[in-house]
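Novice: after the sequence you'll find the predicted model.
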Amino acid sequence: MSIPMIGEGRDRVDGRAKVTGEARYAAEHNLDGLVHAVVVSASIPSGTIRAIETSAAKKVPGVITILSHLNAPKLNPPPSPGGQQQQQRQPSGNYSEPRATPFADATIHYLGQQIAVVVADTLEHATHAAELVRVTYDGRPARVDMNALRNDAKDKGAQAPPFKKGDPDAAFATAPVRIDQTYRTPYEHHHPMEAHSIVVKWDGDRVMLHDSTQNLFAVRQTLANAFNIPRDNVHVTSPFVGGAFGSKGSTWPHVLIGALAAREVKRPVKLWLPRKQLFFTNGHRPETEQRVALGATRDGRLVALIHEGISQGNAISEYNERFTRPTRMLYDAPNMRGANRVVELNVSSPTYMRAPGESPGMFALESALDELAAELKMDPLQLRLINHADVDPIDGKPFSSKSLKECYQRAAERFGWAKRKLEPRSMRAGRLLIGQGMATATYPAHRSPASARARMNADGTVIVSSGTHEMGMGTATVMAQLAAETLNVPAERVRFEYGDTNLPQAPLSAGSMTAASVGSAVYEVARALQQKIVELNDGREITSADQFASVLHAHYLPHVEVRVDAKPNPEEDKYASHAFGCQFAEVSVDPDLGVVRLRRMVSAFAAGRVLNQKTARSQYLGGIVQGIGMALLEQTRFDRRFGSFTNINFGEYLVPVNADVRNLDVIFVEEDDRHVNPIGAKGIGEIGIVGVAAAIANAVYHATGKRIRDLPITLDKLL
Ligand code: MOS
C-alpha cells in the first residue's frame, strides 16, 4: 500500500462496478410492485388541447391509469419563476421550465411536450396504451423561425448580461482593417448513453426517488415545492449517472409527472424516456446566429471587438445560450461590446450543454480571429499573442493565474506549427489538401459552497461523504485521493460516498466546478478530521497512518467524525479565474469529394493543479471528441413546417466514432494557483470542447481557401 500523491494517474474506483454491471443506474432499481409509466407527447408545436380520448387505451390489459391536465391533481407552480438555474443553493429548485408546470392546463408550448402519462403493469402495456391515446388540438400558428422573428429577440437570464467598453462602433467604423461576419451553429443534443429515468416511490407524504440527475439537492427542492411537502420528506439518490453533459442539471417535466403518477397509483413507478423523446423534452444546445465584427490596426492590434447575435429559447424556460461570455475576457481590445439575445419560439426548452456559451461563442470568435489573420497575412498564433489580455479586459482584475502563452508555445512546438505555410491551399499530401488551424480555449473557474463529512473508524479506514455526483468524470476517485493525501493514509483505506440527499449537501455537478467545490470541502474536512485526532493525541502529530487507529483505540472510540460546510473565500473574488488552453488541428480535405478528415490534434490546457493524470486526460479527450462532433458531424435538423426535430435517432444524428478520432495529444501545463481555492484546481470538464470547432474550421480554410461559417462542416459546403 502506498500513500497516493495528488496528480497520480489512479484507476477509477468505480470502474470495476461499471464494467461488471454491478453499478445500478436509476432505471435499474426494480422495486417490489413496480409499475411502468409512458408519456404521451404533443404532436403540434402551438395551441391548446381540445380533447384527450382514452377509451381504447384503457382497454389495454394492465393499464392502471391515464393522467393528464383533465384529471391529474394540480402541482404547485414554482415559487419564483426565473433566474434560479445556477443559484448556489437553488432555494426554488431547478425547474427546467419554470413558467409551465406539467399538466397545469391545456396549453401546448412546443411539439413533444409531455401532455399525458399512461401507467400500466408492464412497459409493453404502457407503451401500447400510450400509442392509443388520441389527442385533438386547436392549433395556433407556431413561432418556429428564429431568423424571421429576430426583431423579437430579448435579453434574458442573469447569466449573460450585455457588456460594453469604450465606443466599439465608432472604433470599428474607422479601423484600418475590418472583419464583419456572421456565424451559425445548429441545434445539437447531448445524447448521454443513459436515458433520463426515474424510479419513484411514495410512503404517505414522503417520497423516494432514484433519478439520473446531476443535481440531487435541487431535485429535492423542486419536488418539495411541487408537492407542497417538507424538503426532508424527499429523498433522492443518484449514485451512477451514465453521462449528462448538462442535460441532467434541471428537473425536467418527466420527473414531476413520474412522481405524480406514483402518488396517484400508490405503487412505485418507473419512467424511462425512450431515446426519441429525449430529443424533445430534456434539453438541447439551441441554434445560434452570431455576428463578430473585428477592427484592427495593420500591425494586428484589435481596436474594436463586437460580438452579438441570437439564439433559440422559449417562453417557459429561462435559458440563454451565453455565447458572448468568453468574448468579454479573452482579448485586450480598448473598445468592446457583446450581447446575446433570445428569440422565444415554440420549440422545446434548450439547456446547458458542455461549455454552454463558450462552445458556439468561441467557434464564432476564433473563426473571426483567423479571418483577421488571413486579411493581415499574419500568423494566426501571432495575432493572438499581440492581443493577449494580461488582466481582465473589462473590469481590470488580475487573473488568478494564466498560462495561456505557455500553452500556445508548448502546443505549437509539439504540433510543428513553425513549419506551417501561411498561404491557404499551399500544403498537400498526394492529392489531398492539408490544412492546419488553431484556436484558443477558455472556461471560467467557478466554485460553489459544498459540505462534506469524514469519519475515521477504529480499524483505520476512512469514509468521506458528500452528496455530489459521479457522471464519469472520476469524482469518486479524485475525492478519495484528495482525502487520502491530506490525511496521509493509503488510498485503499478511504471510501468516498456520494449520490444521495442523505449526505452533506453538494452543488450541482456542472460548470466544471465539482473538483473545485467538493474537492475543497473534502480537503477541509480531511484536515479537520486530522486535527481532531491530533487533539485526542494531546496535540502530538500523527506520523503514520496506523497511528490514527491507535489513538482511537486508546480512547475507546469506535470512530471519530467531523463535518465542514466549505465556502468560497471572498478573497477569490479579487481575481478573474479562468482555465486557458489552445487547440491545434490538422485536417485533410479531398478536393473532389469535399470529405474532411481530422488527421491529428495537439491541445494544451492550463487549469491549475492536475488531481489525477488519468481521469484529467479522459476529461479533456471527451471534450475534444465532442468538439470534433460539433465541427464535422452534429446537428439536429428542424423542420419548420411541423415545428419538429426530424433526425431523432442515432442513425441520422451523427456523432464521432473511433474512425473519426485519430491522433489526439493533450499537454498539461500545470499551474500553482494559490487564489482559486485551497486545492488549486480549476475546472477541466468543459474546456476540452472549447475551440475545437474553430481550430478545425480554420484548418479547413487553410486547406481549401473556403471559410465555412455554419457548423457542421459537411462535404456539401466544400464542393
Ligand atoms: Mo455542464 S453543461 O456544466 O454539465
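Specialist: Thanks, I have the structure now.

Novice: chain neighbours aside, what residue packs nearest to residue 246?
Specialist: Closest residue to residue 246 apart from its sequence neighbours, by CB to CB, 6 or more residues apart in numbering: residue 352 at 3.5 Å. C-beta coordinates here come from the backbone N, C-alpha and C atoms, glycine included.

Novice: next, count neighbours for the one you found.
Specialist: Look at residue 352: counted by other CB atoms under 10 Å, it has 28 neighbours.

Novice: for the residue in the stretch 351-500 of the chain that the ligand sits nearest to, give me its contacts.
Specialist: Nearest residue of the stretch 351-500 of the chain to the ligand, counting by CB to the nearest ligand atom: residue 352, 3.7 Å away. By CB atoms under 8 Å, 6 or more residues apart in numbering, the contact set of residue 352 is 246, 247, 249, 283, 319, 510, 511.

Novice: just the buried members of those residues?
Specialist: 246, 247, 249, 283, 319, 510, 511 (16 or more other CB atoms under 10 Å).

Novice: what are the phi and psi values for the residue sitting furthest away from the middle of the chain?
Specialist: Among residues of the chain, the one most distant from the C-alpha centroid is residue 554; the distance is 48.3 Å, by CA atoms, centre = their mean. The phi/psi pair for residue 554 (degrees, to the nearest 10) reads phi -60, psi -30.

Novice: re the thing from before, and the residue nearest to residue 246, how close does it get to residue 248?
Specialist: As judged by CB to CB, to the nearest Å, residue 352 and residue 248 stand 10 Å apart.

Novice: what does the stretch 101-250 of the chain put close to the ligand?
Specialist: Residues of the stretch 101-250 of the chain lying close to the ligand by CB under 6 Å from any ligand atom are 244, 245, 246, 249.

Novice: kindly report the same for the chain.
Specialist: Counting by CB under 6 Å from any ligand atom, the chain sits next to the ligand at 244, 245, 246, 249, 352, 353, 354, 356, 510, 511, 686.

Novice: skip the chain neighbours and tell me the closest residue to residue 211.
Specialist: residue 198 (4.8 Å).

Novice: any low-confidence regions in the protein?
Specialist: Where the chain drops to pLDDT under 70, the residues are 1-5, 80-90.

Novice: for the closest residue to the ligand within the stretch 201-350 of the chain, grab phi and psi.
Specialist: Here the residue of the stretch 201-350 of the chain nearest the ligand is residue 246; by CB to the nearest ligand atom that distance is 2.6 Å. Main-chain dihedrals, residue 246, degrees, to the nearest 10: phi 110, psi -20.

Novice: and it, what is it in contact with?
Specialist: So residue 246 contacts 190, 214, 283, 351, 352, 353, 354, 356, 510 (CB under 8 Å, 6+ apart).

Novice: between which two of those residues is the distance greatest?
Specialist: 214 and 356 (13.5 Å; CB to CB).

Novice: show me the contacts for the residue of the stretch 551-700 of the chain found nearest the ligand.
Specialist: Minimum separation of the stretch 551-700 of the chain from the ligand (CB to the nearest ligand atom) falls at residue 686, amounting to 5.9 Å. Neighbour list for residue 686: 354, 355, 358, 443, 511, 512, 623 [criterion: CB under 8 Å, 6+ apart].

Novice: please flag which of these sit within strands.
Specialist: residue 443 (DSSP state E).

Novice: list the ones among the contacts of residue 686 that fall in helices.
Specialist: Taking DSSP state H, the ones among these that sit in helices are 358, 623.

Novice: the contacts of residue 686: which two are farthest apart?
Specialist: 511 and 623, at 13.8 Å, using CB to CB across the contacts of residue 686.

Novice: tell me what the top helix by length along the chain is packed against?
Specialist: Counting residues, the longest helix found in the chain (DSSP H) is helix 514-536. Under the contact criterion of 3 or more CB pairs under 8 Å, 6 or more residues apart in numbering; DSSP states H and E, helix 514-536 touches strand 450-457, strand 462-465, helix 475-487, helix 545-554, strand 559-566.
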